[in-house]
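**Q** Compute the structure for the input listed below.
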Amino acid sequence: MHQRPAAIARRLAADLAEAAGASLVAVYLHGSAVLGGWTPGRSDIDVLIVVSDDTDEASADSMVNAIIGAEPELPSAESSPPALETSIVAAAAARYPKPPWPFRRHVVTQPVEPARVVLPGQGQGDRDLLMHYAVCRVAGYAALGPPPRDLIGIVARAELLAYLADELIWGLANAPERYAVLNACRALVYLHDGAIVSKMAGGEAVLRQRTGPTDVITRALAQQRGAEPDQPPTTEAIAFVEATAALLRQGA
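**A** Next comes the predicted model:
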């Protein structure tokens, strides 16, 4: 686990506890900061905030204000302050993760842009939460509250495989080559081994196992490290990602 995101998560947890009191149940750091591959200047900090089921709107808004008003991290020699992506969910939604993946608030803060706050629509949720739950359960860092496995339920394998397949196709259309390629690699690791790993670890595992195109994956890893510039997916990369998505759908 990278210590810089962990320190930011602990400070955020203290701010949230002051704002929400007994409504706050847990604060979990997840994403690349706990899976490995977190890169200063390139990676976000992902935090899942769990609140009591009876948390009212005023308390939820107080937490949003605490997130937005948190004292900015002083710039370091490494990089500028990282973006912070947070989701606030009720304890029952975390304990029994299932569609429509309800949430209370999403808040994204970045150093040079206004904060973005997303409220849930009537009966709507956020499917991305299923991956947040899965990562938290296996590797999440508790900045506050019980160990994640004590609070977060198991996401069904079929749900996770279908999500990963859809995410690969989205990545081809909307993200740089490295995103889709390395997510395809980590998806293959989950499909075959049941392990949830970082994009970097997934790429390195597929290279070792020789189950993907070496040139494409090597280039994607270099892009992820910042050693090569981002680029749109090549024809070979698209073929690899689409073939992986098809395998995931068969497994689901």
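**Q** quick one: which helix or strand includes residue 49?
**A** Here residue 49 sits within strand 45-51, counting by DSSP states H and E.
**Q** Next, the angle from the helix or strand following that strand to strand 45-51.
**A** Downstream of strand 45-51, the next assigned helix or strand under DSSP H and E is helix 57-68. Between helix 57-68 and strand 45-51, the angle comes out at 160 degrees (axes from the mean of the first three to the mean of the last three Cα atoms, to 10 degrees).
**Q** Just the buried positions in helix 57-68, please.
**A** 59, 60, 62, 63, 64, 66, 67 (16 or more other Cβ atoms under 10 Å). Using the backbone N, CA and C atoms, a C-beta is placed for each residue, glycine as well.
**Q** Output the contacting helices and strands for it.
**A** Helix 57-68 sits against helix 3-20, strand 45-51, strand 84-90, strand 105-110, strand 113-118, with contacts defined as 3 or more Cβ pairs under 8 Å, 6 or more residues apart in numbering; DSSP states H and E.
**Q** Name the surrounding residues that touch that helix.
**A** For helix 57-68, the external contacting residues (Cβ atoms under 8 Å, 6 or more residues apart in numbering) are 12, 15-16, 18-21, 23-24, 49, 51, 84, 86, 88, 104-105, 107, 109, 115, 117.
**Q** got the CA positions of it in CSV?
**A** Output of helix 57-68 as CSV, limited to C-alpha atoms (Å, rounded to 0.1, in the frame of the first residue of the first chain):
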residue,chain,number,x,y,z
GLU,A,57,-29.8,14.1,4.0
ALA,A,58,-28.4,16.8,6.2
SER,A,59,-25.7,14.5,7.6
ALA,A,60,-24.9,13.3,4.0
ASP,A,61,-24.5,16.9,2.9
SER,A,62,-22.3,17.6,5.9
MET,A,63,-20.0,14.9,4.8
VAL,A,64,-19.9,16.3,1.2
ASN,A,65,-18.9,19.6,2.6
ALA,A,66,-16.2,18.0,4.7
ILE,A,67,-14.8,16.3,1.6
ILE,A,68,-14.9,19.5,-0.5
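**Q** count of neighbours near the closest residue to residue 146 other than its chain neighbours?
**A** Closest residue in space to residue 146, ignoring its immediate chain neighbours: residue 26 at 6.4 Å, by Cβ to Cβ, 6 or more residues apart in numbering. Around residue 26 sit 24 other residues, with neighbours defined as other Cβ atoms under 10 Å.
**Q** got the residue ranges for the helices in the chain?
**A** Taking DSSP state H as the test, the helices found in the chain are 3-20, 32-35, 57-68, 91-95, 129-139, 148-151, 157-174, 177-193, 199-209, 214-225, 235-251.
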